[in-house]
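Asker: A predicted structure for the sequence below; I have some questions about it.
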Amino acid sequence: AGKRARAQPEVEDNAALIAEVEALRCEQRKLMRNAAAAAELATERTAMLKLAGLSYDELSAVVVRERVARLSDETQAAYAAAERDESRVGWLEVTTALQPRLLEEVFATGWVALTGVA
């Protein structure tokens, strides 16, 4: 009976260890899937930038310029008018109209003016 009492905790310990190892393996598989998805997304984004003819720095500069444009007095007034006016023009339409103007400005001035890099 003494031997059985000793064997039982070992079995329970082994079962707990096996469960813990399986949980760790499951977490490892999840991390590997996440890493693969992140790598695929990075590859996709790089391909999209290449297609657009933009470097990461150029795209970053465009995003910063858009943020500045959204915070401008003119755009803020348009957002405020869209909020007050119950017509179909909302903040999304104001932003959508802003983006082509921004791109025209960016391409008209060139990347040097936008990024400060010659």
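Answerer: Perfect, I can see it now. A quick note: this is a predicted structure, and the numbers were derived from the prediction, not measured.

Asker: I'd like the mean pLDDT over stretch 22-34, please.
Answerer: For stretch 22-34, the mean pLDDT works out to 90.

Asker: just checking the distance from that stretch to the centre of its chain.
Answerer: 22 Å (Cα atoms, centre = their mean, to the nearest Å).

Asker: could I have that stretch exported to CSV, CA atoms only?
Answerer: Only the C-alpha atoms of stretch 22-34 are listed here, as CSV (Å, rounded to 0.1, in the frame of the first residue of the first chain):
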residue,chain,number,x,y,z
GLU,A,22,0.8,20.8,-24.2
ALA,A,23,-0.3,24.3,-23.2
LEU,A,24,3.2,25.6,-24.0
ARG,A,25,3.2,23.8,-27.4
CYS,A,26,-0.1,25.3,-28.1
GLU,A,27,1.2,28.8,-27.2
GLN,A,28,4.3,28.2,-29.4
ARG,A,29,2.1,27.2,-32.4
LYS,A,30,0.0,30.4,-31.9
LEU,A,31,3.2,32.5,-31.7
MET,A,32,4.6,30.9,-34.8
ARG,A,33,1.3,31.6,-36.7
ASN,A,34,1.4,35.2,-35.5
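
Asker: mind listing what's buried in that stretch?
Answerer: Buried residues in stretch 22-34, counted by 16 or more other Cβ atoms under 10 Å: none are found. C-beta here means a position set from N, CA and C on the backbone, and glycine is covered the same way.

Asker: can you check stretch 78-90 too?
Answerer: Applying a neighbour-count criterion of 16+ other Cβ under 10 Å, one finds 78, 79, 82 buried in stretch 78-90.

Asker: where does pLDDT dip in this protein?
Answerer: For the chain, the stretches with pLDDT under 70 are 1-9, 11, 49, 51-52, 86-87, 107, 109-118.
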